[in-house]
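> the sequence and its predicted three-dimensional model are supplied below.
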Amino acid sequence: MTTNNDVTPIPKVSLEDKRNEYAAFFMLAYPVAMNVRWLDTTHPEPDEALLLRTMPDAFLIANEAAALQQTALRPIPSLGEAGVALSAYLTLQSRKVDLMMSHILQQQDDPARRFMSDKIGGAGVAFTHLTPVELGTYAEVKLFIQEEAAAVFCYAEVISCDPKPDSSGYNIALLFNAIREDDQETLVRCTMHLQTKQLRARKQTD
């Protein structure tokens, strides 16, 4: 017999499942500036409520501006030739806004917590840390993709920590476990765009 005090336990996601989720997304080898603030090892798993409560206003405003720009540009192709000049003008204005927001977001970059990514994707980020970090440790993460005038604030979990072959530190893999859907889509879009730029640059040097 059940009572109102009975609670169905939430199935715990295994480390293997988390690593499979991480591997399911495309990861691009690319250096992106990032801030990492480690949470206490006793900290509960970050959730959407914590994410929205702690997200700096600059990230909220920047993401809203990006969404509005995408909405404004979407119907222009239907205008045909008349839309070409309008599209060019709005794209230029959009770029100005991007540059301004990028400057504002750079103020969120804390040099004391700064790292550079080794790989980045829609599911997580990998970077080099001088000391080992316990698996399951949570972190507050800020990503600054300057080339794309984009920035993302989220929470992540350490799913692997392996010593580097050259003994220069440890390869840390972080799986995003509290991130807005729009931000995850932004990361996917940015990584694909950056990969395209890399491929074009390689063709030009061949």
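Nice, I can see it. Residues are numbered from 1 along each chain as shown.

> which strands border the longest strand seen in the chain, and is each parallel or antiparallel?
Longest strand in the chain, counting residues (DSSP state E): strand 150-163. Sheet pairing for strand 150-163, assigned by DSSP bridges, gives strand 138-145 (antiparallel), strand 170-178 (antiparallel).

> same list (these) but as JSON lines, adding distance to Arg19, mean pLDDT and mean neighbour count.
Bear in mind the C-beta positions are built from the backbone N, C-alpha and C, glycine included. Formatted as JSON lines, the entries for the strands paired with strand 150-163 read as follows, by distance: least, C-beta to C-beta, whole Å; pLDDT from 0 to 100; neighbours: other C-beta atoms under 10 Å:
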{"stretch": "strand 138-145", "distance to Arg19": "16", "mean pLDDT": "96", "mean neighbour count": "21"}
{"stretch": "strand 170-178", "distance to Arg19": "8", "mean pLDDT": "97", "mean neighbour count": "22"}
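
> out of the ones you listed, the one nearest Asp17 is which?
Taking C-beta to C-beta, strand 170-178 is the member of those nearest to Asp17, at 10.2 Å.

> how about the strands in the protein?
27-28, 33-38, 114-121, 124-129, 138-145, 150-163, 170-178.

> can you pull out the low-pLDDT segments for this structure?
Low-confidence segments of the chain, defined by pLDDT under 70, span residues 1-11, 63-103, 206.

> which parts of this structure are helices?
Using DSSP state H, the helices of the chain run over 15-24, 48-54, 57-73, 82-106, 181-205.

> how about the last one: buried residues?
Which is helix 181-205. For helix 181-205, a neighbour-count test (16 or more other C-beta atoms under 10 Å) marks Asp183, Gln184, Thr186, Leu187, Cys190, Thr191, Leu194 as buried.

> before we move on, back to that, return the alpha-carbon coordinates of the longest strand of the chain using CSV.
The C-alpha trace of strand 150-163 is given here as CSV (Å, rounded to 0.1, in the frame of the first residue of the first chain):
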residue,chain,number,x,y,z
ALA,A,150,28.3,34.4,-29.2
ALA,A,151,28.5,33.5,-25.6
VAL,A,152,26.8,30.8,-23.5
PHE,A,153,26.3,30.4,-19.7
CYS,A,154,25.6,26.9,-18.4
TYR,A,155,26.5,24.2,-15.9
ALA,A,156,28.4,21.0,-16.6
GLU,A,157,29.7,17.9,-15.1
VAL,A,158,33.2,16.2,-15.2
ILE,A,159,32.8,12.9,-17.0
SER,A,160,36.4,12.2,-17.7
CYS,A,161,39.8,13.3,-16.4
ASP,A,162,42.9,11.7,-18.0
PRO,A,163,46.6,12.7,-17.7
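
> that one to strand 33-38, inter-axis angle?
60 degrees (axes from the mean of the first three to the mean of the last three C-alpha atoms, to 10 degrees).

> what angle separates strand 150-163 from strand 124-129?
60 degrees.

> quick check: angle from strand 150-163 to strand 114-121?
Going by the same axes, to 10 degrees, strand 150-163 makes 90 degrees with strand 114-121.

> please identify the buried residues of strand 150-163?
Ala150, Ala151, Val152, Phe153, Cys154, Tyr155, Ala156, Glu157, Val158, Ile159, Ser160, Cys161.
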